[in-house]
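**Q** here is a sequence together with a model predicted from it:
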Amino acid sequence: MDSNNFKKSQDVNNADRNIENRPENLENYDEYVSEYRREMRDTKQNATQEGFMTRAKNDCPPDAWNDKKKAYNDAWENNMHNSQAEDDF
């Protein structure tokens, strides 16, 4: 069994990046969406809104979730709209 098969988010060498990208530390929610989509692409998984919202909720302090839920949802919608427009070119 390969015990060295960590997810990027579990990589201890990546701790500083993970702290910087936690939702409560981001000023731009679109960056969080982009990071999620990039990680899903790199691991050959589908990036879904449900998966994104679940990750955001898990990374967000419970008392802040209700205040930030709409911002994450809007960032997802904006990011998906922008990526579709880029694909049309």
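**A** Structure received.
**Q** any weak-confidence spans in the protein?
**A** When the per-residue scores of the chain are filtered using pLDDT under 70, the ranges that remain are 1-27, 84-89.
**Q** repeat the analysis, applying 90 as the threshold.
**A** 1-32, 59-64, 66-68, 78-89 (pLDDT under 90).
**Q** pull out the buried positions in the longest helix along it.
**A** If you go by DSSP state H, the chain has its longest helix at helix 62-88. Buried positions in helix 62-88, judged by neighbour count with 16 or more other CB atoms under 10 Å: Lys68, Tyr72, Ala75, Trp76, Asn79. C-beta coordinates here come from the backbone N, C-alpha and C atoms, glycine included.
**Q** same check, this time on stretch 44-64
**A** For stretch 44-64, by 16+ other CB under 10 Å, it's Ala47, Phe52, Arg55, Ala56, Asp59, Cys60.
**Q** can you redo those as TSV with distance to Glu31?
**A** Shown next, in TSV, are the buried residues of stretch 44-64 (distance: CB to CB, whole Å):
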residue	distance to Glu31
Ala47	15
Phe52	13
Arg55	14
Ala56	12
Asp59	13
Cys60	15
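**Q** thought Asp74 was touching Tyr29?
**A** Yes - taking CB atoms under 8 Å as the contact criterion, Asp74 and Tyr29 are neighbours in contact, 7.4 Å apart.
**Q** narrow the buried residues of stretch 44-64 to those in strands?
**A** Where the buried residues of stretch 44-64 are compared with strands, as defined by DSSP state E, there is no overlap at all.
**Q** farthest pair in those residues?
**A** Checked with CB to CB, the buried residues of stretch 44-64 reach their widest spread between Ala47 and Cys60, with 18.3 Å between them.
**Q** residues contacting Ala71?
**A** Applying CB atoms under 8 Å, 6 or more residues apart in numbering to Ala71 gives the contacts Tyr29.
**Q** please disregard the earlier target; I meant Tyr29.
**A** Pro23, Ala71, Tyr72, Asp74, Ala75.
**Q** Val33: which of those is nearest?
**A** Lowest distance from Val33 to the contacts of Tyr29 (CB to CB) belongs to Ala75, with 5.0 Å.
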